[in-house]
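Undergrad: I'd like to go over a predicted model; first the sequence, then the structure.
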Amino acid sequence: MRILIVDDDEELSSLLTELLTREGHRVDCVSDGSRGVAAALGGSYDLLILDVMLPGLNGFEILERVRRESRVPVLMLTARGEDEDRIVGLDLGADDYLPKPFNTRELMARIRAIMRRLEPRESSGRLEINGIAIDPGTRSVTRDGKEIEVTTFEFDILETLMRSAGRVVSRDELMEALYGRKATPFDRSVDMHISHLRKKLEGGKPLIKTVRGTGYQFMRSPEEVLTA
C-alpha cells in the first residue's frame, strides 16, 4: 500500500516508516497540517495515518477537508485519555483510532485489519433490502436508486448488517469482522460508524435498529420497521 503519515513527531514518523517499509509498503511523511491536506488529496494513498495535534491545521481540520473529496481509510492517533478526540474523529469520518503512546504491534495489527478491508474479495452479489442496494463489486450504495457516498468501513458494516437482515448482529461480531478485536465498553468506533450510516441512509425512514445491550439489526421491510 501507499501510506501517508501526517505527524510532527519526527522520531515516531521515522520508526513507523521503517516498520511499514519493512512490510513492503511505500511511505511518505509530512509534519504540518497544510502539507498534510495537499498530500492526502493529491497523492492517491491507500491509508492515511493522522495525528490530532499538528502545527497549522490540526488533524480534525485535515480529516474534515479530506472527507469532502476522498474515502481513503484514516487511522487517527489521539492523546491517551482524550475520549472526546476519538469521538470527534470518528464523527468526522475516521475509520479507526489509536491513543498515544501505543504499542507498535497493535498499530500494525490495526493497519492489517484495514488492509483486509481493501483486498479484492469474491463478490457475494448485489443485494437490495428495504430500498437500500449494495454492490460489493463496485462497493457502491444506493437508496431508492440514488447513490450514497460511504467510507470503506461504513460499507463493510452495512453489508454485514444487510446480509444478516432481520437478525441482531452484536457489537462484538462487528468489531471482530472489521477490526479483528473484541469491543470494549469504551470503544465507540462501531457506534459512530452506525450513526453516520443512519444519517446518510435513513432520510426519515428507520433502517438500522439498536437492540439495547446487544447490537444492531437491519430492518427487512417497512412493516418490520413499524413493528420493531
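TA: Arrived safely, thanks for sending.
Undergrad: so Ala94 is in which element?
TA: Remark: Ala94 resides in no helix or strand, with elements defined by DSSP states H and E.
Undergrad: pLDDT score assigned to it?
TA: Note on Ala94: pLDDT of 87.
Undergrad: Arg121 now?
TA: On the pLDDT scale, Arg121 is placed at 56.
Undergrad: tell me where the longest helix sits in this structure.
TA: Identified as the longest helix of the chain according to DSSP state H is helix 104-118.
Undergrad: just give me how far that helix sits from the chain centre.
TA: Its chain's C-alpha centre and that of helix 104-118 lie 12 Å apart, by CA atoms, centre = their mean, to the nearest Å.
Undergrad: show residues contacting that helix.
TA: Residues outside helix 104-118 that contact it (CB atoms under 8 Å, 6 or more residues apart in numbering): 1, 3, 15-16, 19-20, 23, 46-47, 73, 75, 95-96, 98, 152-153, 156, 178-181. All C-beta atoms are positioned from the backbone trio N, CA, C, and that covers glycine.
Undergrad: can I get that helix in CSV? Just the C-alpha atoms.
TA: Output in CSV follows, covering the C-alpha atoms of helix 104-118 (Å, rounded to 0.1, in the frame of the first residue of the first chain):
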residue,chain,number,x,y,z
THR,A,104,3.7,-0.7,17.5
ARG,A,105,2.4,-4.3,17.3
GLU,A,106,-1.1,-3.0,17.9
LEU,A,107,-0.7,-0.3,15.3
MET,A,108,0.5,-2.9,12.8
ALA,A,109,-2.5,-5.2,13.7
ARG,A,110,-4.9,-2.3,13.1
ILE,A,111,-3.3,-1.5,9.8
ARG,A,112,-3.5,-5.1,8.7
ALA,A,113,-7.2,-5.0,9.6
ILE,A,114,-7.7,-2.0,7.4
MET,A,115,-5.7,-3.7,4.6
ARG,A,116,-8.1,-6.7,4.7
ARG,A,117,-10.9,-4.3,4.0
LEU,A,118,-9.1,-3.1,0.9
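Undergrad: out of the contacts of helix 104-118, which end up buried?
TA: Buried members of the contacts of helix 104-118, counted by 16 or more other CB atoms under 10 Å: 1, 3, 16, 19-20, 46-47, 73, 75, 95-96, 98, 152-153, 156, 178-179.
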